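**Student:** model this:
(2 chains)
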Amino acid sequence: KQEVTQIPAALSVPEGENLVLNCSFTDSAIYNLQWFRQDPGKGLTSLLLIQSSQREQTSGRLNASLDKSSGRSTLYIAASQPGDSATYLCAVNTGNQFYFGTGTSLTVIP
Amino acid sequence: GAGVSQSPSNKVTEKGKDVELRCDPISGHTALYWYRQSLGQGLEFLIYFQGNSAPDKSGLPSDRFSAERTGGSVSTLTIQRTQQEDSAVYLCASSLLTSGGPKNIQYFGAGTRLSVL
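**Tutor:** Next up, the predicted model:
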C-alpha cells in the first residue's frame, strides 16, 4: 500500500524567509502528485499538480519538484508571507485513489 | 455550481443516531471522492464514484457507512448508528477525469464537521 510522509510536521519561520517542505512516498508507480493548502476549518485548495513525467511545476512564489524514482517531492516557497500560514498536504495519485500525507503546518511570523 | 458544495457544514448528533452528509460536485465532473479527516490525521479515503461505474468502496471502515450518487451528480454519505470514533471532518472532492491525466485535479468542498456525543 502506498504510504506518504511529510516532514517536518510543523514549521515556523520569520516573514521573508525561503522554505522547503518535503513529501516522500513508498511506491513510485504514480500518475501524478498534487500539493494542497488547507486553512483552519476549510477544505483543501490545489496549489500545484505535477505529472509523473514532469520534474517541476511553478506558480508564482511556489515551485514543486518531483523525483519519482526516489519517491520524493519538495514544495519551495519563496519570500514567505504571513498569509502563507496554513497546513500543506501532498497527495499521490495511483489511478482511482489518492494517498495523502499528514501535512506540514506552516506558521510565518510577521 | 462554482465549486464543490457540502452540507451541513457542522453536524452534532447523539451516539446511535443516523446521519446523512451531502456533496454537490462541480458541474460536469465525473469523479467524486469522499474522505475522512480525523484530528491530527491525514485524509483517509472512503469511497470513489466514476460516472455510472460501480463505486470503489474499499475505504469504507465498516458496514455502517454507505454512500450513493444519484444521477451522476449529488452524493450522500450515510453513517448509521454513529459512534464517537466517527467524529471527524468529512471532505468531498470532485475531478474531471478518473485516472491520472493533465486534468485530474481534485477540487475539495469545505467539509462537514461531524461531532458524535
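**Student:** contacts for stretch A:8-26 next, please.
**Tutor:** Stretch A:8-26 has contacts (Cβ atoms under 8 Å, 6 or more residues apart in numbering or on different chains) with A:2-7, A:33, A:35, A:71-82, A:88, A:90, A:92, A:99, A:101-110. The way it works is simple: take the backbone N, C-alpha and C, and place the C-beta from them, glycine included.
**Student:** which residues in chain A form strands?
**Tutor:** A:4-7, A:10-14, A:19-25, A:32-38, A:44-51, A:56-59, A:62-67, A:72-77, A:86-93, A:98-100, A:104-109 (DSSP state E).
**Student:** would you format those as JSON lines with mean neighbour count and mean pLDDT included?
**Tutor:** Converted to JSON lines, these look like this (neighbours: other Cβ atoms under 10 Å in any protein chain shown; pLDDT from 0 to 100):
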{"stretch": "strand A:4-7", "mean neighbour count": "18", "mean pLDDT": "94"}
{"stretch": "strand A:10-14", "mean neighbour count": "12", "mean pLDDT": "96"}
{"stretch": "strand A:19-25", "mean neighbour count": "19", "mean pLDDT": "97"}
{"stretch": "strand A:32-38", "mean neighbour count": "23", "mean pLDDT": "94"}
{"stretch": "strand A:44-51", "mean neighbour count": "20", "mean pLDDT": "92"}
{"stretch": "strand A:56-59", "mean neighbour count": "14", "mean pLDDT": "94"}
{"stretch": "strand A:62-67", "mean neighbour count": "19", "mean pLDDT": "97"}
{"stretch": "strand A:72-77", "mean neighbour count": "20", "mean pLDDT": "97"}
{"stretch": "strand A:86-93", "mean neighbour count": "24", "mean pLDDT": "94"}
{"stretch": "strand A:98-100", "mean neighbour count": "23", "mean pLDDT": "89"}
{"stretch": "strand A:104-109", "mean neighbour count": "17", "mean pLDDT": "96"}
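**Student:** from B:His29, how far off is whatever residue of chain A ends up closest to chain B?
**Tutor:** Chain A approaches chain B most closely through A:Tyr31 (2.0 Å), counting by Cβ to the nearest Cβ. The gap separating A:Tyr31 from B:His29 is 17 Å, by Cβ to Cβ, to the nearest Å.
**Student:** try B:Ala67
**Tutor:** Per Cβ to Cβ, B:Ala67 is found 16 Å from B:His29.
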